[in-house]
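>>> Give me a model of this one.
(chains A and B)
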2 protein chains.
Amino acid sequence: MQKLRVESFTISIDGFGSGPNQSLENPLGIGGTNLHQWFYPTEIFQKNVMGKNEGTTGIDNDFAKRGFNNIGAWILGRNMFAPSRGPWLDDNWKGWWGDNPPYHVPVFVLTNHARDPIKMEGGTVFNFVTEGIHTALEHAFDSAEGKDVRIGGGVNVIRQYLNEKLIDEMHLAVSPVLLGSGENLFANIDLISLGYKCTEHVTTENAAHIIIKK
Amino acid sequence: MQKLRVESFTISIDGFGSGPNQSLENPLGIGGTNLHQWFYPTEIFQKNVMGKNEGTTGIDNDFAKRGFNNIGAWILGRNMFAPSRGPWLDDNWKGWWGDNPPYHVPVFVLTNHARDPIKMEGGTVFNFVTEGIHTALEHAFDSAEGKDVRIGGGVNVIRQYLNEKLIDEMHLAVSPVLLGSGENLFANIDLISLGYKCTEHVTTENAAHIIIKK
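Predicted coordinates for the structure are as follows:
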């Protein structure tokens, strides 16, 4: 059965998935890049995202790698796709990732503002969904050709899907950094009551990895 | 200079310092004891709290151990001391720890309900402070004979002292468990704005340890 998965989603010790004040210069908000120090050095990131033949192997890489296994479509929040807010004033913006984004499958961007799909090099197509998380998930499952769907984030999107109990599996990495503000992944969400439990955990010197399942 | 320290305070992945529904049977709330699996096996816990000559050494024990160094007084929230709420109906209740509690110094219990001090074996004296966190801290510093003061918890007490920027140093252990509900240590607290930063972090297979300082 197709699953909805969150993979390699990183939060700070204080529960934030990105720093405050996202901008073109700070796609992950102020201090946000510190979150991902477990991820950047890994072979899978260096290869899939940076196009380099280098990187670390081991537990961090193993977790990062499983996040790319059997993924047929992605769902992203608008703020993961663009630093702008509101109506699309600049149609030249095609994401943070250049002409050949590291998705290579259909990507569904949740937004309140309609926009035509954008076909990128390498198989990525950005589709913009204005009808909410259920419709986005339906489209994503349909176009994933039997594979799973991965939610890229951000926190707000994950919280919406969690509250509807739609996420089947979630890999979180807790990084030893403080961000201070932003949206807390867990505030007012009771994962236990929603039926989730922690099924696996491994810590490395860079992060605490946990797997949460229904 | 005397410091106010939080030591070995353990939170779940979702930010909770104890489980819901504390009771006589569940002093740490439902699921709360799962939090402390990094701590119970350590030599310092086995020795200081259980009175046994056994236990693990290594990083977890090192962190647990430093929490007992140079401590001249403790501050506890009422709920750390007793399962009851409201006025003290049962004066026989003298804490969870038997006749000889593992403090061996003055302990200041924050409460809204006055009660006479209780002198225990081994040097522990439970004092009940109804005038709030500043008065408790003043008394604790005064009676610590130049040593530091340790806040035992719970979350509510730590949050009050954090918001007043009174905590100098905080060792948190993040345990790979979910508690689902309870009081989130970080919700609506911006540690960065309060002037705190993460100065040290080490992960073991049982917990992610971080040190937060002003």
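
>>> close enough to count as contact, residue A:44 and residue A:64?
Yes - counting by Cβ atoms under 8 Å, residue A:64 is a contact partner of residue A:44 at 4.6 Å. Just so you know, the C-beta spots here come from the backbone N, C-alpha and C atoms, and that holds for glycine as well.

>>> Neighbour count: the two, which is higher?
Counted by other Cβ atoms under 10 Å in any protein chain shown, residue A:44 and residue A:64 do not tie: residue A:64 has more neighbours, with 27 against 21.

>>> Contact residues of chain A facing chain B?
When proximity is defined as Cβ under 8 Å from any Cβ of the partner chain, chain A approaches chain B at A:13-15, A:31, A:172, A:174, A:176-181, A:184-187, A:189-194, A:196-198, A:201-208, A:210, A:212.

>>> Which ChimeraX command selects the buried ones in those residues?
To isolate the buried ones among the residues of chain A next to chain B in ChimeraX, judged by 16 or more other Cβ atoms under 10 Å in any protein chain shown, type:
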select /A:13,14,15,31,172,174,176,177,178,179,180,181,184,185,186,189,190,191,192,196,198,201,202,203,204,206,207,208,210,212
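
>>> what does the longest helix seen in chain A contact?
The single longest helix within chain A, with elements called by DSSP state H, is helix A:133-143. Contacts with helix A:133-143, where a contact means Cβ atoms under 8 Å, 6 or more residues apart in numbering or on different chains, come from A:2, A:4, A:72-75, A:105-106, A:108, A:110, A:127, A:129, A:149, A:157, A:160-161, A:164, A:166.

>>> chain center to stretch A:70-81: distance?
The gap between the average C-alpha position of stretch A:70-81 and the chain average comes to 6 Å, counting by Cα atoms, centre = their mean, to the nearest Å.

>>> Quick check: nearest residue in space to residue A:20, chain neighbours excluded?
With Cβ to Cβ, 6 or more residues apart in numbering or on different chains as the measure, residue A:181 is the residue that lies nearest to residue A:20, at 4.8 Å, once sequence neighbours are left out.

>>> Would it be right to say that the one you found lies in a helix?
No - counting by DSSP: H, G, I helix; E, B strand; the rest coil, residue A:181 is not found in a helix; it is coil.

>>> quick one: it and residue A:205, what's the gap?
With the distance defined as Cβ to Cβ, to the nearest Å, residue A:181 ends up 26 Å from residue A:205.

>>> same deal with residue A:45?
Residue A:45 sits at a distance of 17 Å from residue A:205 (criterion: Cβ to Cβ).

>>> tell me what the longest strand along chain A is packed against?
Of all segments of type strand in chain A, defined using DSSP state E, the longest is strand A:4-12. In terms of contact count using 3 or more Cβ pairs under 8 Å, 6 or more residues apart in numbering or on different chains; DSSP states H and E, strand A:4-12 is assigned the packing partners helix A:59-66, strand A:148-153, helix A:155-163, strand A:169-175.
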